[in-house]
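Asker: Give me coordinates for this.
(chains A and B)
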Amino acid sequence: ETGVTQSPTHLIKTRGQQVTLRCSSQSGHNTVSWYQQALGQGPQFIFQYYREEENGRGNFPPRFSGLQFPNYSSELNVNALELDDSALYLCASSLAGTLSSEQYFGPGTRLTVT
Amino acid sequence: AQKVTQAQTEISVVEKEDVTLDCVYETRDTTYYLFWYKQPPSGELVFLIRRNSFDEQNEISGRYSWNFQKSTSSFNFTITASQVVDSAVYFCALSVGYDMRFGAGTRLTVKP
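Answerer: Numbering: from 1, shown residues only, chains lettered A, B, ... in the order given. Okay, here's the model as predicted:
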C-alpha cells in the first residue's frame, strides 16, 4: 500500500509569483484535503476535493485553488504569492468525502516566499 | 465558530513518567468529531484517534488513553510510561461538517 506523497519537498519563490504543489493520495482513497501550517502553529484547512470537485473550503482567498484528477491525485495552486504564504503545506487523503474520517498525511512541501 | 485550545505549549518529562495533554474545544453543533494527531520531526501528521460527539466512552490503546468529557468540552490524552520515541508535537482537532480546526499543538519532550 503506497502512502501519501507530495512534491516538491522544498520550494523557494518570490513574492508575486505562482506555485503549484502536488499530492498523490493513498491507494484506494478518493478524497484529498490541503492544509497550511505556519511555523509553530497547527494546520489550517484550505480545502477538500472529492471525486474531482471541491466540496469544502476554509477561510482562504480565491488565489488558493486546486484540482483533483481522475486518479485522485491533486494539485494546490497559489497565485500572487505573499510573504505570509511561507509555510508547510500538507496534503491528506481519506475516504468518503468528509472531514470526519481518519486522514493520512503526506510529509508536506515547505514553501518559502522571499 | 469552532475553536480548539491546547493550553500547554511545551511539556518536558523524564522517560517512564505519565503525561497528560489537555484539549478544550468549542462548538455549538451537537454533531462533531474530535481527533488527536502526532507530528514527529519528519513533519507528517500521524492519526492517533477519532471520537464522535455521541460516544463519550474513554479509550485505551496500549500506553495511550483518551478521556472525552462533553460536560467540560475536553478531550484529554494521556501517555503512560512515556518513552523517548513519544517526543513530538501533538495536535488536537475538531471537525464540524466541512470545518476542520486544529489546536496550536503541544510539544512533548521525553528525556532519557
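
Asker: Low-confidence regions, the chain specifically.
Answerer: Chain wasn't specified; assuming chain A. Chain A contains residues with pLDDT under 70 at A:1-2.

Asker: all strands of it, in order?
Answerer: Per DSSP state E, chain A has strands spanning A:5-7, A:10-13, A:19-24, A:31-37, A:44-50, A:53-57, A:64-68, A:74-78, A:87-94, A:104-105, A:109-113. These are given in chain order.

Asker: how big is the angle separating the last one from strand A:74-78?
Answerer: Just to be clear, that refers to strand A:109-113. Interaxial angle of strand A:109-113 relative to strand A:74-78 (axes from the mean of the first three to the mean of the last three C-alpha atoms, to 10 degrees): 10 degrees.

Asker: re earlier: which of the strands of chain A sits closest to chain B?
Answerer: With C-beta to the nearest C-beta as the criterion, chain B lies closest to strand A:53-57 of the strands of chain A, at 3.1 Å. C-beta here means a position set from N, CA and C on the backbone, and glycine is covered the same way.

Asker: chain center to the closest one, what's the gap?
Answerer: Using C-alpha atoms, centre = their mean, to the nearest Å, we find the averaged C-alpha position of strand A:53-57 to lie 12 Å away from the chain's own average C-alpha position.

Asker: Which of the residues in that strand are classified as buried?
Answerer: Buried positions in strand A:53-57, judged by neighbour count with 16 or more other C-beta atoms under 10 Å in any protein chain shown: A:55, A:56, A:57.

Asker: What of stretch B:64-75?
Answerer: Within stretch B:64-75, the residues that qualify as buried by neighbour count (16+ other C-beta under 10 Å) are B:64, B:65, B:66, B:67, B:68, B:73, B:74, B:75.

Asker: distance between the ends of it?
Answerer: 13 Å (C-alpha to C-alpha, to the nearest Å).

Asker: before we move on, what about stretch A:15-34?
Answerer: End-to-end for stretch A:15-34, by C-alpha to C-alpha: 21 Å.

Asker: again, but for stretch B:84-100
Answerer: Counting by C-alpha to C-alpha, the length from the leading to the trailing residue of stretch B:84-100 is 30 Å.

Asker: before we move on, what about stretch B:19-34?
Answerer: 20 Å.

Asker: near chain B, which residues of chain A?
Answerer: A:4, A:33, A:40-45, A:48, A:55-58, A:88, A:90, A:92, A:98-108 (C-beta under 8 Å from any C-beta of the partner chain).

Asker: Show me how far stretch B:32-44 is from its chain's centre.
Answerer: Using C-alpha atoms, centre = their mean, the distance from the centre of stretch B:32-44 to the centre of the chain it belongs to is 8 Å.

Asker: Quick check: buried residues in it?
Answerer: If you call a residue buried by 16+ other C-beta under 10 Å, then stretch B:32-44 has these buried ones: B:32, B:33, B:34, B:35, B:36, B:37, B:38, B:39, B:43, B:44.

Asker: Now, those that are in helices?
Answerer: Taking DSSP state H as the definition of helices, the buried residues of stretch B:32-44 contribute nothing to them.
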